[in-house]
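Student: please work out how this folds:
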Amino acid sequence: MIRDDFTGCETDVRLDGKVALVTGATSGTGLEIAKNLAKRGAKVIIASRNPNKLADARKTIINSSRNANVVARTIDLENLASVRNFVHETVTVEPRLDILINNIGAIGLEDRLTQDNLQLMMQVNYFGSFLLTFLLFPFLKASAPSRIVNVSSLALILGTIDLDHMNDVGRYSNFGFYCNAKLADVLFTVEMDKRIRGSGVNVYSMDPGLGKSQFFRNYDDGFWKTVLNGALLKFGRPLHRVALMSVYLAVDPKVEYDSGKHFRDCNEFYSTWFANDTVLTRRLWEESKVLTRISPFEDWETNGV
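Tutor: The predicted structure is shown next:
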């Protein structure tokens with residue numbers, strides 16, 4: 001019998017009139033998060049790079065929630081131009097944005113640079129979400145009170161941040177890049193909270209634990225892909241329960257004053273001593289802005305948005 005640690009995550013908050021954005025919502029936990037938010041009455045934007053999977057996911061969410069207010073919108077975190085186009089469309093079309101859940105995560109991707117000159121694993125698991133969040137912040141602020149949830153992983157404890165070599169091909173194992181990216185997700189959360197405090201926008205990070213998914217589907221090694229996915233499906237926690245954690249942080253009033261903190265199973269959870277390194281979090285934030293090429297027009301920190 002699989003232990004259910006999510007009883008404290010239950011909340012009856014309604015989201016009628018609210019708009020929520022979930023990345024990576026075509027399968028797995030992301031799909032369950034989107035279903036949950038839609039059942040609460042929110043307009044839900046699901047974002048991923050595969051149009052066919054988005055269309056199928058949209059139908060699944062509508063059928064599950066009986067809420068037809070579900071929008072499928074393409075975004076490819078491997079391409080910073082795609083992220084910018086997504087943001088432009090969203091702020092142009094949507095009346096508001098109350099919730100952003102950065103759920104996209106991937107392992108087993110190639111060890112190569114993208115066209116943006118960023119290591120692929122780092123871009124998909126960190127830099128793409130950093131850019132998306134940074135660019136959407138003024139819209140979230142205009143819709144405040146609003147919330148951002150960054151999905152990290154317990155793997156962050158094995159991560160490291162070497163600002164001079166974050167994107168070096170061949171420097172880390174595939175799992176090593178994943179650990180580094182998930183550590184960066186937490187440090188970016190801590191630093192963002194400092195910079196936006198008082199704006200009406202809260203930001204949280206969280207560890208979802210292991211869920212019943214095909215998370216290792218991108219692995220080339222068929223043996224390890226089968227073994228690891230098999231272990232998740234056997235020992236992982238039900239995805240609709242895992243999804244409660246992200247939803248809890250996105251909606252529940254009990255965490256209203258806990259912005260900047262890290263959570264697991266809907267309780268504050270220790271992340272890493274790096275989170276207390278104010279120099280490192282500041283430098284990571286600044287370097288991330290440089291590497292994602294934040295323009296003066298986009299930079300709300302300097303243009304007073």
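Student: how many neighbours does residue 95 have?
Tutor: Residues lying near residue 95 (other CB atoms under 10 Å) number 8. Yep, even glycine has a C-beta here, placed from its N, CA and C like the rest.
Student: tell me which element the nearest residue to residue 208 once chain neighbours are set aside falls in.
Tutor: Leaving aside its sequence neighbours, residue 208 sits nearest to residue 242 (CB to CB, 6 or more residues apart in numbering; 5.3 Å). According to DSSP states H and E, residue 242 maps onto helix 239-251.
Student: after that helix, next one along is what?
Tutor: strand 262-264.
Student: other SSEs contacting that next one?
Tutor: With contacts taken as 3 or more CB pairs under 8 Å, 6 or more residues apart in numbering; DSSP states H and E, strand 262-264 sits against strand 201-207, helix 239-251.
Student: tell me how many other residues crowd the closest residue to residue 241 other than its chain neighbours.
Tutor: Nearest residue to residue 241 in three dimensions, chain neighbours excluded: residue 6, at 4.8 Å (CB to CB, 6+ apart). Neighbours of residue 6 under the rule other CB under 10 Å: 19.
Student: give me the pLDDT for residue 6.
Tutor: pLDDT recorded at residue 6 is 75.
Student: what of residue 106?
Tutor: For residue 106, the model assigns a pLDDT of 88.
Student: burial check on it, number of neighbours?
Tutor: That count, for residue 106 with other CB under 10 Å as the rule, works out to 18.
Student: so it touches residue 124, yeah?
Tutor: Yes: contact between residue 106 and residue 124 holds when scored by CB atoms under 8 Å: they sit 5.2 Å apart.
Student: which strands and helices lie in contact with the helix holding residue 242?
Tutor: Where contact means 3+ CB pairs under 8 Å, 6+ apart, helix 239-251 is packed against helix 28-39, strand 99-102, strand 146-151, strand 201-207, strand 262-264.
Student: how far is the last one from where the chain is centred?
Tutor: What separates the centre of strand 262-264 from the centre of its chain is 14 Å, taken as CA atoms, centre = their mean, to the nearest Å.
Student: each with direction, which strands does that strand pair with?
Tutor: Each strand paired with strand 262-264, and its direction, by DSSP bridges: strand 201-207 (parallel), strand 267-268 (antiparallel).
Student: what does the longest one contact?
Tutor: Okay, so that is strand 201-207. With CB atoms under 8 Å, 6 or more residues apart in numbering as the test, strand 201-207 has contacts from 133, 137, 140-141, 144-154, 156, 185-186, 189-190, 192-193, 196, 245-246, 249, 255-256, 258-264, 269, 271.
Student: before we move on, the earlier item: so which of the helices and strands packed on helix 239-251 is the most packed in?
Tutor: strand 99-102 (a mean of 28; mean count of other CB atoms under 10 Å).
Student: put the alpha carbons of that one into PDB.
Tutor: C-alpha atoms of strand 99-102 as PDB (Å, rounded to 0.1, in the frame of the first residue of the first chain):
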ATOM      1  CA  ILE A  99      -1.400  31.600 -11.200                       C
ATOM      2  CA  LEU A 100       1.800  30.400 -13.000                       C
ATOM      3  CA  ILE A 101       2.900  26.900 -12.300                       C
ATOM      4  CA  ASN A 102       6.300  26.100 -13.900                       C
END
